[in-house]
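S.K.: Sequence first, then the predicted structure:
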Amino acid sequence: MTHHPDPAPVIEMRGISITFPGVKALDGVDFRMFPGEVHSLMGENGAGKSTLIKALTGVYGIDAGTITLAGEQVSFSGPAQAQASGISTVYQEVNLLPNLSVAENIMLGREPRRFGSIDWRAMRRRSAELLAGLNLDLDPASLLGDHSLAVQQLVAIARAIDVQAKVLILDEPTSSLDADEVAELFRVIRSLKEQGVAILFVSHFLDQVYEICDRLTVLRNGKLVGEYLVEELLRIDLVQKMIGKELTALDDLEQRARSVVVDESDAALFVNAAKLGRRGAIHPADLPIAAGEVVGLAGLLGSGRTEFARLLGGIDRADTGELSIGGKPTKLRTPRQAISHRIAFSSENRRDEGVVGDLTVRDNVVLALQADRGWFRPIPKKRQDDLAQSYIQALNIRPGNPDALVRNLSGGNQQKVLLARWLAIAPRLLILDEPTRGIDIGAKAEIQKLVFNLAENGMSVLFISAELEEVLRLSHRIVVLRDRHVVADLENDRLTVDSLLALIADGSGDDDPDGTDAADAAGTPDGEPVAALAAPEASASDSTTTHSTGGSR
Amino acid sequence: MTKLLEAPERPIRTGGPVGPRPRAGLARSIRNLLTSPKYGPVTVTAVLFVAIFIIGGVRYRGFFSGQVFLNLLVDNSYLIVLAVGMTFVILTGGIDLSVGAVVALSGMIAASLLQTGWSPAAVIPLILVLTSVLGLLVGLMIHVFKVQPFIATLAAMFLARGLCYVISQNSISITDPTFVQLAVARIPLGGNLSITPSVIIALVVVAIAVWVLQATRFGRTVYAIGGGEQSGLLMGLPVARTKVLVYVISGFCSGLAGVLFTFYTLSGYPLTAIGTELDAIAAVVIGGTLLTGGYGFVLGSVLGVLVLGVIQTIITFEGTLSSWWTKIFIGALLLVFIILQKVLTARRR
């Protein structure tokens, strides 16, 4: 697995830089791939993975650096050209046509023709050969849409390798596949590897990366962290390299959160989720949140942290478990219901699910409040102005002009406008999904202080962030997720970044869903908060840290 | 080509297609056929057409004859040509509302130019070029300026209808001997059966369209756009060119249908063919083409036209009903079909 059949890299990217307005998406990144290896590109959101892939496939032009393919310097103007040169991409969403046959999906655009007519026989024969090469028993004449997503994915790969692929890029190919389907995909990947194809495998699932990949490259914030042999890199080191440690100017907040005493009695429990789950999104898990408590959700991208929060925000419906709000059993079917219970969900996807760019700051701030009041009782102009003005001052929104269009604001200020919108409805639980992502350090500090102050005033906060320092700094309690399971629910008194990393990284219990259930079962069923628990599998298998003692209540 | 692997020891079953398999029972095969978005709706239409025809034959004396069937083609040859063009457009997920007005415009151009002494040999090609150019402009409007097909073709509809009035406010009759000859000509088929030259033209158009859609890259790209424009782009297909071209085809077909219509009426009249675009759309949808694009056949659309025609014929045979009942039946049928398409295709997964 580890030898290199060919010592010369098939792809070599050197010093790649790409700048978008205001953001340096890639900064002098080197990247290489050898023939016959499976290579993984690792990094959290915004690390520059997809930008690097798009630079390689010609979707983005590069501002600096060189790309060499099989020893020759290349510069692609688009994916079609990259594909013609042997770099094929299979995207996360299968970009094929469900209304056409499997054979057509493989051959479309390159159909064999005779006298101007498509030679259907030759086409079916050729695609049958390709499918047989992938060890797939599939009728080429059947409609693509009749097959499962996994099979469609394999058909996409068949299409990709038909164009003499030297490099095959698989972007999150397993995100919608089940275990058997993943095994099937891996079998295909291994056979392609034996044929000398270089495969770039991008996945958020660490287990899969460790199972299939030979080598990996880690990116963080658009910069290269390093290139490693998978077998020589411990998981915990990998996670640490992906997340990184960022020293910020926020040390004054350190420890303050931990000193706050939260009233944990039943009466003060605002939200209590018991075995709340949703198929394909998050395994059933408990989550009690007390009034005035900040609960942090820690886990890698794709671990289920957003999915869990969406259940509480009424964005997605839970299909198992119970949720009680203020002691009463409640079912949340829509965000509107959640809002009426004073639960506000601020999405990580600020642009598409958050602010309305074409409206003014004022309009954005009053939006949720107005929706809650009903559209037939408009908020008087005077009150709108007062609200907007007061939040502009309180949150230090720049420019301080209520009539400014939100799309012209910086990311940090857009985030503040979004926060103001939810604060305007006076929520009792504020769910913040990645509120500090992609914003500058000053705004970040302001938002963190705000969260802290809100909690002191009795608001519950569910705080999600990829930055562990931030989670540690703000949270009273931290819930750790891994591969869509809650693996630990810990009091934040003796936790460190290292102990959290260990919990997040350790995948030994992944295939055992009962592991979570065992942890869940330790919580008392009558709605009492789950005592701080370390997932048994995590503490059992990790001897390097002294985490998971938890706090007593 | 990538070197293939050696033959696998054990092929992996992948769940297989849902489509008919030899061992599946007949009922299951039928169910799979009916719920297939590709074949289901067109199968239902075929069954419906046969059923209506049989009902007519049982109820009315003289209905069950070859000539009644052939008259469906004779009376609707222009609509068949329109439906062929419309099928291309709807397969890409678009719509063309201008075709009725373009039929009228073609008639007006033909009638006025023939009146001033032009030769039919010049008039007909000119009409076909003009209507194709109009289709090209519509297609470019849709592609370059990202205008909704509904709006772009609505604009073209008003333009074409307005131009009719610019040419003349009144009906212009056609006395050109060639046109008159084509209008009255009958091609005997043996027995007492006969068809018109228009039917031949319409059937040739259908045959060409079937070939283009089934066996050319352009045709498959039409289907690909309907299945997913973005995917088509990523697969490197000529999406832009194809999208524009389907409106050119629809324009050409509208022009040709206009010429066939003047063979039928021997006049040009600004108010003619109002609402014909909706008949064409109805025929295409009843013929099993999904309005969202991607699924459908030209022959289905022909079947759709025949269904509309046979309903009209039944109402004529009934004698007591006003011909407006045709519209009511077609409306009801359309509704049933669209719901049926939804139900059948939703059952599938």
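M.R.: Received it, and whenever you're ready, just let me know what you need. Nothing here was measured: the structure is a model prediction, and the numbers come from that model. Residues are numbered from 1 along each chain as shown, chains lettered A, B, ... in the order given.

S.K.: Centroid-nearest residue for the chain?
M.R.: No chain was given, so I picked chain A. Nearest residue to the geometric centre of chain A (CA atoms, centre = their mean): A:L301, 3.3 Å.

S.K.: Please refer instead to chain B.
M.R.: Residue closest to the average C-alpha location in chain B (CA atoms, centre = their mean): B:A83, at 1.4 Å.

S.K.: gap between the residue nearest to the centre of chain A and A:E104?
M.R.: According to CB to CB, to the nearest Å, A:L301 stands 35 Å off from A:E104. For the C-beta atoms, the positions are set from N, CA and C on the backbone; glycine is no exception.

S.K.: and if you look at B:F150?
M.R.: Distance from B:F150 to A:E104, by CB to CB: 29 Å.

S.K.: Tell me which of those two has more neighbours.
M.R.: A:E104 (26 against 13; other CB atoms under 10 Å in any protein chain shown).

S.K.: ok, the more buried one - contacts?
M.R.: Going by CB atoms under 8 Å, 6 or more residues apart in numbering or on different chains, A:E104 touches A:L97, A:E111, A:M123, B:R220.

S.K.: can I assume the residue nearest to the centre of chain B sits in a strand?
M.R.: No: under DSSP: H, G, I helix; E, B strand; the rest coil, B:A83 sits outside any strand and is assigned helix.

S.K.: so where do the strands sit in the stretch 1-150 of chain B?
M.R.: B:12-13 (DSSP state E, counting those that start in this stretch).

S.K.: now chain B, which segments are flagged as low pLDDT?
M.R.: Scanning chain B for pLDDT under 70 picks out B:1-24, B:344-349.

S.K.: Count the neighbours of B:Y264 for me.
M.R.: 18.

S.K.: which SSE is it in?
M.R.: Using DSSP states H and E, B:Y264 sits within helix B:239-265.

S.K.: Any part of that helix near chain A?
M.R.: No: Helix B:239-265 is not in contact with chain A by CB under 8 Å from any CB of the partner chain; minimum separation 10.9 Å.

S.K.: gap between the closest residue to A:T51 other than its chain neighbours and A:V74?
M.R.: Spatially, and ignoring its direct neighbours in sequence, A:T51 is nearest to A:A25 (4.4 Å; CB to CB, 6 or more residues apart in numbering or on different chains). According to CB to CB, A:A25 and A:V74 sit 20 Å apart.

S.K.: the more surrounded of these two?
M.R.: For A:A25 versus A:V74, neighbours defined as other CB under 10 Å are more numerous around A:A25 (22 against 16).

S.K.: Might one say that that one is in contact with A:S50?
M.R.: No: at 9.3 Å, A:A25 does not count as touching A:S50 under the criterion of CB atoms under 8 Å.

S.K.: where does the residue located most distally from the centre of chain A fall, phi/psi-wise?
M.R.: Centroid-distance maximum for chain A: A:F115 at 50.1 Å, with CA atoms, centre = their mean. Taking degrees, to the nearest 10, you get phi 50, psi 40 for the backbone angles of A:F115.

S.K.: Tell me how far it lies from chain B.
M.R.: Distance of A:F115 to chain B, computed by CB to the nearest CB, to the nearest Å: 10 Å.

S.K.: list the contacts for that residue?
M.R.: Applying CB under 8 Å, 6+ apart, no residues qualify as near A:F115.

S.K.: again, only this time at 10 Å
M.R.: B:A215 (CB atoms under 10 Å, 6 or more residues apart in numbering or on different chains).

S.K.: The stretch 151-300 of chain A against chain B: which residues are in contact?
M.R.: Taking CB under 10 Å from any CB of the partner chain, the part of the stretch 151-300 of chain A that reaches chain B is made up of A:151, A:154-156, A:158-166, A:168, A:181, A:183-184, A:187-188, A:191-192, A:194-197.

S.K.: Can you tell me which of those are buried?
M.R.: A:151, A:154-156, A:158-163, A:165-166, A:168, A:181, A:184, A:188, A:191-192, A:196-197 (16 or more other CB atoms under 10 Å in any protein chain shown).

S.K.: Among those residues, which lie within strands?
M.R.: A:L168 (DSSP state E).

S.K.: Could you pick out the residues of the stretch 51-200 of chain B near chain A for me?
M.R.: Residues of the stretch 51-200 of chain B lying close to chain A (CB under 10 Å from any CB) are B:L91.

S.K.: I'd like the distance between the residue in the stretch 51-200 of chain B that chain A sits nearest to and B:G139.
M.R.: Going by CB to the nearest CB, chain A is nearest to B:L91 of the stretch 51-200 of chain B, at 9.5 Å. Distance, B:L91 to B:G139, by CB to CB: 14 Å.
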